[in-house]
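Asker: quick one, fold the following:
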Amino acid sequence: MSMELYSWPRSSGTRVAWALEELGVPFEYREVDAKQQEHQSPSYLAINPHGKVPALVDDGERYFESAAMLLHLGDKYGVAKKLWPAAGGQERADALCWTVWASTELFPCMVQVLYHGLDTPISFRPDDRSKAAADYAMSQLQRQLRALQTRLSSRDYLLGDFSLADIACVSGLAFGSSIGLHLDQYPRVVAWIRRCTERPACKRAR
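Answerer: Predicted coordinates:
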């Protein structure tokens, strides 16, 4: 088996590295040098045509988009490790839905809050911020956090036991909270983030 993860620090590639660490799948981490524009080189674009990180090569199969990587890793390696539900049933449906939701709903709204509504290292300059964008994104993020708070009201993790679906959802929120996103009004979410990020595999991936 040959697994290569192309990424750079503090990117969505970290959650793929975290998943690989949890799964115990050997992989080679290849840091892409953004200053040297390695992500725009022909060899890299052959793996990720969008010129972004991460990219994953698994036995010759090429993947871009971290959510697609998590779904692939779950299907191929996660069931045997009890980190991904087998096909069929509501648990598998939940795993798919929460994993996709993180990338299509949760993270885009959170990023807009960080860009427009807060003072963080990645925020736009004050003159470039939009109050309308900040207000809308915050309203959507609050709705999503309420859904997470409810989901975690009767379980420690999204599916009951820890899974790759937790990695999909928690990774962005952990980053956001580390640079200024306040989640104090969602104590179950805060406790869940702490439980997940204290796992040894998460620390190794970082």
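Asker: isn't residue 62 up against residue 56?
Answerer: Yes - with contact defined as C-beta atoms under 8 Å, residue 62 counts as touching residue 56 (7.4 Å). All C-beta spots, glycine's among them, are computed from the backbone N, C-alpha and C.
Asker: in the chain, where is pLDDT below threshold?
Answerer: 1 (pLDDT under 70).
Asker: which is the next helix or strand following the longest helix anywhere in it?
Answerer: Longest helix of the chain, by residue count under DSSP state H: helix 131-151. Per DSSP states H and E, helix 131-151 leads on to helix 164-178 as the next helix or strand towards the C-terminus.
Asker: and that following helix with helix 131-151, angle?
Answerer: 130 degrees (axes from the mean of the first three to the mean of the last three C-alpha atoms, to 10 degrees).
Asker: can you pull out the strands in the chain?
Answerer: 3-7, 28-31, 55-58, 61-64 (DSSP state E).
Asker: can I get those strands in JSON lines including mean neighbour count?
Answerer: Shown next, in JSON lines, are these (neighbours: other C-beta atoms under 10 Å):
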{"stretch": "strand 3-7", "mean neighbour count": "19"}
{"stretch": "strand 28-31", "mean neighbour count": "13"}
{"stretch": "strand 55-58", "mean neighbour count": "23"}
{"stretch": "strand 61-64", "mean neighbour count": "15"}
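Asker: relative to residue 125, which of these is closest?
Answerer: Proximity to residue 125 (C-beta to C-beta) singles out strand 3-7 among the strands of the chain, at 27.7 Å.
Asker: now for the closest one, which elements pack on it?
Answerer: Helices and strands touching strand 3-7, by 3 or more C-beta pairs under 8 Å, 6 or more residues apart in numbering; DSSP states H and E, are helix 13-23, strand 28-31, strand 55-58.
Asker: residue 96 is nearest to which of the ones you listed?
Answerer: Using C-beta to C-beta, these put helix 13-23 closest to residue 96, at 15.1 Å.
Asker: who's in contact with the closest one?
Answerer: Identification of contacts with helix 13-23 by C-beta atoms under 8 Å, 6 or more residues apart in numbering yields 3, 5-7, 27, 29, 53-54, 56, 66, 69-70, 73, 77-78, 81, 83, 164, 167-168, 171, 199-202, 204-206.
Asker: got the angle for it vs helix 164-178?
Answerer: 140 degrees.
Asker: buried set for helix 13-23?
Answerer: 13-23 (16 or more other C-beta atoms under 10 Å).
Asker: output that helix as PDB, nothing but the C-alphas.
Answerer: Output of helix 13-23 as PDB, limited to C-alpha atoms (Å, rounded to 0.1, in the frame of the first residue of the first chain):
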ATOM      1  CA  GLY A  13      -5.100  18.700   5.200                       C
ATOM      2  CA  THR A  14      -4.700  18.400   9.000                       C
ATOM      3  CA  ARG A  15      -8.000  16.700   9.400                       C
ATOM      4  CA  VAL A  16      -7.000  14.100   6.800                       C
ATOM      5  CA  ALA A  17      -3.700  13.500   8.600                       C
ATOM      6  CA  TRP A  18      -5.800  13.200  11.800                       C
ATOM      7  CA  ALA A  19      -8.000  10.600  10.200                       C
ATOM      8  CA  LEU A  20      -5.000   8.600   8.900                       C
ATOM      9  CA  GLU A  21      -3.500   8.700  12.400                       C
ATOM     10  CA  GLU A  22      -6.700   7.400  14.000                       C
ATOM     11  CA  LEU A  23      -6.900   4.600  11.300                       C
END
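Asker: lovely, talk soon.
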